[in-house]
Structures are given as C-alpha cells and as structure tokens.
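Participant: have a look at this fold, sequence not included:
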Ligand code: BGC
C-alpha cells in the first residue's frame with residue numbers, strides 16, 4: 001500500500017514538474033502562481049553567496065562570468081535562467097583572464113563620468129551607451145551597473161569621477177542618453193546610487209540628512225529625468241540612510257517617489273552589502289519598501305524572507321509584487337532571450353568611440369596662444385614629458401568602476417603616433433622609476449585600503465624631483481614641455497584637501513621650475529590634468545601657457561590628448577562643475593568628511609556619541625550646491641560652471657522662446673566667427689520669479705551642442721523643455737511650483753558669460769506629489 005502511495009506521489013510531482021509553466025513574456029502570472037515560497041525568496045536574493053570570500057576583493061565572484069559583480073539565480077523548473085550583473089559604468093568590468101585558457105576577455109575602457117558629461121553631447125553619450133550595451137551582452141552579461149548619477153555635492157567625494165555633474169539637469173540628460181544607448185542593444189542598466197550618496201566615508205552607515213526641497217530638486221532630479229526619459233531596467237539603491245532610514249528599506253524613496261511619482265517600471269536592487277541587521281536593516285523591510293533584489297545575496301536572506309512570511313511579518317502579497325517585477329525584468333534579458341554571446345566585442349570599433357568621446361570631453365582651461373601646438377606650421381619635433389602621469393597615464397578610477405582594458409595609450413605613445421618624439425633620457429628616467437615604484441607599491445601593499453587591490457584599477461605613483469641639470473638638458477633638447485598632474489580616487493574613501501584636491505609642494509615646484517626654464521628659452525609649457533575630478537589651480541595656473549583637463553579619459557587617453565594638443569580636434573568640452581578657488585569655498589565643505597580615517601566596511605560599531613560627517617551629515621547648504629551658490633552669492637571662482645575654451649570663436653544670437661501647450665521651445669543661432677572648424681555648446685540659464693520661493697539667480701534649464709561648424713557657418717539649435725522643468729519644490733505644500741510671472745531665458749557659453757536673452761510670461765504651474773522623505777529633526781539650513 002505504502003509503495004503504491006509513494007508511486008502515486010512521485011507520478012504526481014513528476015506531472016506537476018512537467019506541467020510547471022516555463023517562463024515566457026506572456027505567462028508571468030502563471031509562473032508566479034506556480035512558484036513555491038522558497039523559489040520566490042530565492043529569486044529576490046542574488047546568487048553570489050560567497051561574495052565576501054577573498055576572491056571578491058580581486059573583483060567579484062560570478063562563476064559564469066569571472067569578475068562580474070553579481071547575478072540573479074536560475075530556477076530551471078520554471079525555465080528561469082540566471083542573469084549576470086557587471087560593473088560599470090565606464091565599461092564592462094570582468095576578469096580579463098580565466099584559468100585554463102589563453103583567451104582574453106578585455107573590455108573597452110571608456111571615459112569616466114565627468115569626462116563623458118563634459119562633452120555636453122547627448123548623441124555621443126548615446127553612442128558610448130550603445131557600445132557598452134553591446135559589450136555587456138557580447139561578454140555574456142545582462143546588466144551594466146551604471147550610470148552613476150550622484151550629484152557632485154562637494155569636490156572631495158572619492159567617487160565624483162564616476163558621476164556627471166553638480167547640476168541635475170545635465171546629469172539627467174546625459175544619463176538618459178547613455179541608458180537609451182545601452183538598452184537599445186537589448187542589455188540593461190542599473191542607474192546608481194539611489195540616492196543622496198554624496199560621500200564615501202562610512203558610506204554604508206552614514207545618515208544623509210537633507211531637506212525635502214534639496215532632495216527633490218538637487219539629489220533626486222537627475223534620477224527623475226533619467227527614469228522619465230529612458231526607463232532604466234534597474235535602479236540600485238544606495239548604502240546610506242536618508243533622513244534616518246536606509247535607502248534600501250526606504251518606502252518613501254523606492255515606492256512613493258520612484259514608482260508612484262515618477263512611474264518607474266523596473267526593479268530595484270541593493271548596492272552590494274548583503275545583511276546589515278546589526279544596524280537595524282532587515283531583509284523583510286527591504287522587500288516591503290519595494291527593493292526587489294538583494295545583492296550580492298546571502299543564503300540567510302532567503303531564509304529571512306521565508307521566515308518573515310511564515311511568521312506573518314511579511315505579507316506574501318509584498319513578496320509577489322517584487323517577484324512579478326523580477327520576472328518582468330528577466331524576460332527582457334539576453335540570457336532569457338538566449339542571446340549567443342561572442343565573448344569578443346568589436347574592441348577596435350569601440351576604441352574609436354572612446355577616442356572621439358574623450359577628446360570631446362576634455363576641457364581647455366587656459367591657452368595663451370601656444371595651442372594648437374605649432375599652430376599648424378611648426379609642429380614640435382620633440383617634447384619633454386614631466387610628471388609620472390605622462391607615462392603611467394590613468395585611464396579610469398579605482399574600485400568597482402575600473403575596467404580591465406586591453407591597453408592604455410600614454411602620452412609617449414600618443415605623441416609618437418603623430419611623429420612627435422619625447423626626450424629619451426627623461427623618458428628613460430621616468431619609465432624606470434615607475435617600474436620600481438610599482439614593484440615597491442606591490443611589496444608595501446597591505447590591502448587595508450581595499451580598492452588598492454590590483455584588480456581594482458591603476459594607482460598613481462608618487463612624483464620624483466628632476467634635478468636642475470636634467471631640466472636644463474630637457475630645455476635644450478625639446479621644443480615644448482608637458483607637465484602631467486594626475487590624481488587617483490575611488491570608492492570607499494574621500495579625497496583630502498592637502499595633496500589630493502591641492503597640489504603637493506613637489507608638484508607645484510615642478511610646474512613652476514619647468515615653466516621658468518622653458519620660458520627663458522621662449523618655449524611653451526602645457527599642463528595636462530589627468531584627474532577624474534576637480535583639483536586646485538589657483539596657486540599655479542599663472543605659470544604654464546596652457547592647461548588642459550584630460551580627466552581620466554579611457555584607454556585611448558594619450559591619443560585623445562594629442563588630438564586636442566595638435567588641433568586635430570578643436571576643444572569643445574565644458575566644465576560640468578565649478579572649479580573653486582579653494583575647496584573650503586563650497587558651503588558643503590564644512591559638513592563634508594575630512595581626515596576621518598575610516599575603513600570602508602567599518603560599521604556603526606564605532607561607538608560613542610554620533611559624529612558629524614561620519615555617522616550623519618547635515619546638508620546645511622540645502623539647494624546651494626555648486627554654481628547655484630557661487631553664482632547667486634557672487635563668489636569668485638577659478639573656472640565657472642560651463643566653462644571651456646576653443647581654438648575658434650562663436651557668436652550666439654538672441655534666442656526666441658515660445659510656449660506651446662505645456663512645452664517651451666528655445667531657438668538660438670550659433671555662428672563660427674573664427675578661423676578653424678569647431679563645436680559650441682549653447683547653455684540656457686533661466687532666472688525665474690521668486691515671490692513665494694527663494695530661487696538661485698540662474699539655473700541650467702536646457703542645452704544643445706552644435707555639429708562641427710566650419711568658419712563662417714551657422715546652425716540653429718532648437719531646445720525643448722516642459723513648463724514643469726521650471727518649477728522648484730515647494731515643501732510646505734508638497735508640490736512642484738513654477739510661479740506666475742516673467743522668466744528670463746539667458747543663452748551663454750558658461751554661467752558667467754551670457755550672450756543674449758529673451759523673456760516669457762507664464763501662469764502658475766503646480767504639481768502635487770507625495771509628501772515623503774522629510775528630515776526627522778529640523779536642519780539649520782543656509783538661506
Ligand atoms: C559599489 C557599486 C558596485 C557594486 C558591485 C559596490 O561596492 O558601490 O557601485 O556596482 O559594489 O561591484
């Protein structure tokens with residue numbers, strides 16, 4: 001009898017398995033119904049259960065794609081495949097080598113976020129996105145963990161290089177273009193880190209306290225634009241708390257704002273932290289808040305979900321909402337759609353994209369006429385290269401955002417490619433020193449700073465002093481000098497003012513000594529800034545003849561720099577953040593961590609009274625971030641927002657501004673009035689009526705870049721915005737409010753250089769939204 005029963009049960013379960021629906025785009029409901037609680041919980045927890053094993057430090061632990069950051073778990077019974085998540089954002093970060101094969105798995109290193117955004121060119125950002133989307137799927141992954149769109153609240157943030165700007169409109173537009181590019185290839189993105197992740201110090205546990213207005217208008221607005229204009233497949237919730245609640249368990253943020261106010265359709269995944277119950281963050285709360293996927297995933301999180309449902313602490317309906325969204329995500333992925341990855345993306349074609357984009361993102365800060373080199377006539381034959389960065393050129397930042405590129409073009413190679421030699425002895429000295437310095441670095445490495453792991457990006461090597469005799473030899477042997485000032489930064493640690501934002505004595509002396517020696521012989525000196533973020537320039541910018549911000553421009557960096565220096569490309573990059581005279585000029589600096597030496601994963605267990613900028617950070621500067629502060633309060637800066645020189649000149653005509661329905665159209669004509677071909681960016685700053693709400697003096701509301709204009713050529717640019725884009729956040733009434741009155745549309749070359757303007761009268765616009773995310777206690781806000 002028992003045997004018969006057993007057989008019946010076996011037949012029944014076999015039949016059930018045979019009948020289990022196999023996931024397709026049209027049967028998500030059936031699959032959801034057929035899932036057991038364990039299967040549901042499994043789908044909400046990433047598959048990298050051993051992520052914290054040492055291999056993770058060397059760059060992730062995915063078994064399917066070594067080096068990829070994470071995955072979602074397969075449930076074969078229901079035809080649900082594994083999907084693979086890879087960093088991001090400047091290219092695919094997977095291991096270039098695998099055991100048991102000589103085959104390499106390189107990915108293209110594209111320009112970092114600041115460089116990409118400095119192009120102000122949404123078409124280029126879209127092309128970069130397409131190339132990255134293509135590499136994501138060709139390298140057997142489904143989602144790239146980017147773009148990073150946090151606002152540059154302060155120049156000291158260690159991850160600013162991955163982000164775009166201090167301005168949310170520019171951030172949102174570049175992000176949307178990138179995302180549309182990636183997703184047009186059939187791969188997904190994870191826009192990150194949602195939200196207010198403005199510092200790296202104690203990033204896992206810091207409480208970012210911010211007003212509702214600053215949150216909506218500054219820190220969330222870039223995400224909002226990107227969500228509305230590109231529907232990212234996934235959003236990554238950040239590690240930090242916002243006004244006392246972890247972003248990952250923040251229903252205000254993940255449901256009320258993201259989904260209800262903005263209409264987000266995709267999934268939310270956590271940043272890579274697994275469980276943090278010791279800090280009061282429970283998996284069930286994350287599910288309840290609308291966080292669909294826990295990354296990198298821990299088996300105990302599956303058990304937590306099952307247990308919470310079984311004990312009535314987590315309604316199954318909340319689980320089902322997340323599971324349904326996971327299934328909707330999975331049916332879009334390359335793995336679900338059985339895409340045959342080649343493991344061989346077109347690295348050559350993509351190298352051309354990165355070279356062009358990087359050159360277009362570089363910003364010329366100063367030029368007393370020495371550039372382009374030789375002005376087309378006497379191209380220098382030999383150049384002396386000073387600074388370790390000239391030889392150990394940094395193509396990207398460190399941490400999860402690094403890319404294992406097939407090569408990096410340094411300045412020696414870049415110049416060599418156009419027939420310009422570098423002085424042999426100096427090149428030899430630096431090359432040998434860098435080999436030594438790298439060996440020494442390896443030997444001294446303690447791994448206390450986890451991002452110094454070799455798999456997580458190239459490090460800057462300390463500078464050396466060049467003797468007077470050697471310097472004089474260079475002057476006599478070369479036609480020009482280039483001094484490279486490089487900076488490295490990355491996740492987990494913020495930058496210091498001294499020696500990181502600022503120059504070291506050695507660096508400043510190097511610029512000064514080289515300038516004096518070369519100028520004595522009438523020879524030019526150019527400084528190349530190889531840094532993903534802002535540095536101090538005030539104390540030394542008078543010495544050299546020209547200064548080029550090359551950022552961390554990707555694997556073709558040396559070629560892109562030389563394209564600009566030789567005039568092959570006319571510079572058209574514009575700053576996406578203010579370069580202050582001093583770091584302390586930013587009002588946020590007083591509430592930004594400095595000299596808090598905290599290991600990235602150190603927890604709140606630090607004990608004692610909560611410490612400002614470590615355990616909590618008050619955003620007292622409120623909306624007065626970047627140019628909104630400097631321009632409104634008329635504070636002098638080194639280089640203003642939107643600034644960048646060209647080799648030609650442009651005139652910008654009077655704009656026409658029209659309102660049709662709820663849209664405003666700005667039309668403006670740009671003319672190349674100089675003698676070489678080039679591109680210009682028309683930047684539209686709006687001054688709005690401010691009867692009810694205090695407003696910044698001007699805010700960027702639209703921008704457009706011309707095509708390459710020949711001398712004498714004109715182009716008419718048409719930009720469109722919605723009336724709601726002119727609104728500010730009115731906390732008192734929890735609404736977006738554009739006051740009735742006269743709006744002045746000023747078109748300029750940067751925020752301080754306005755060329756022409758036009759006005760438009762508007763009636764009041766109001767848009768009520770969820771009244772959420774309020775600070776727990778009053779903040780002392782700057783007025
Ligand atoms: C970073 C994310 C990254 C993730 C996976 C985290 O530490 O903050 O930006 O995508 O790791 O590597």
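Facilitator: Ah, there it is. Bear in mind the structure is a predicted one, so any value in this text is a computation, not a measurement. Numbering: from 1, shown residues only.

Participant: quick one: contacts for residue 200?
Facilitator: Residue 200 is in contact with 157, 158, 159, 491, 492, 493, 494, 600, counting by CB atoms under 8 Å, 6 or more residues apart in numbering. In this view, the C-beta of every residue, glycine as well, is placed from N, C-alpha and C.

Participant: most neighbours out of the residues you listed, which is it?
Facilitator: With neighbours defined as other CB atoms under 10 Å, the most crowded of the contacts of residue 200 is residue 159; it has 30 neighbours.

Participant: show the pLDDT at it.
Facilitator: On pLDDT, residue 159 comes in at 97.

Participant: gap between it and the ligand?
Facilitator: Distance of residue 159 to the ligand, given as CB to the nearest ligand atom, to the nearest Å: 8 Å.

Participant: that residue contacts residue 490, correct?
Facilitator: Yes: counting by CB atoms under 8 Å, residue 490 is a contact partner of residue 159 at 6.9 Å.

Participant: shared neighbours of those two, anything?
Facilitator: Common contacts of residue 159 and residue 490 (CB under 8 Å, 6+ apart): 397, 399, 401.

Participant: which of those come close to the ligand?
Facilitator: Near the ligand, judged by CB under 6 Å from any ligand atom, there are no entries from the shared contacts of residue 159 and residue 490.

Participant: neighbour-wise, which of those leads?
Facilitator: Result: residue 397 is most packed of the shared contacts of residue 159 and residue 490 (other CB under 10 Å), 32 neighbours.

Participant: neighbours of the closest residue to that residue other than its chain neighbours, how many?
Facilitator: Leaving aside its chain neighbours, residue 397 sits nearest to residue 161 (4.4 Å; criterion: CB to CB, 6 or more residues apart in numbering). Residue 161 has 29 neighbours, counted by other CB under 10 Å.

Participant: same check on the one 4 residues further on?
Facilitator: Using other CB under 10 Å, residue 165 has 27 other residues around it.

Participant: and for residue 782?
Facilitator: 14.

Participant: what of residue 130?
Facilitator: That count, for residue 130 with other CB under 10 Å as the rule, works out to 20.

Participant: any idea how far it is from residue 233?
Facilitator: 15 Å (CB to CB, to the nearest Å).

Participant: test my guess that residue 122 contacts residue 173.
Facilitator: Yes: look at residue 122 against residue 173 with CB under 8 Å: they come within range, at 5.8 Å.

Participant: in contact with residue 187, which residues?
Facilitator: Here residue 187 is in contact with 133, 134, 136, 137, 141, 142, 143, 144, 333, 334 (CB under 8 Å, 6+ apart).

Participant: quick revisit: for the shared contacts of residue 159 and residue 490, which one is nearest residue 459?
Facilitator: Closest approach to residue 459 among the shared contacts of residue 159 and residue 490 (CB to CB): residue 397, at 10.8 Å.

Participant: per-residue confidence at the closest one?
Facilitator: So residue 397 comes in at 95 (pLDDT).

Participant: list the buried residues in whatever helix or strand residue 128 lives in.
Facilitator: In this structure, residue 128 sits in helix 122-138 according to DSSP states H and E. Burial within helix 122-138, assessed by neighbour count using 16 or more other CB atoms under 10 Å, is assigned to 122, 124-138.
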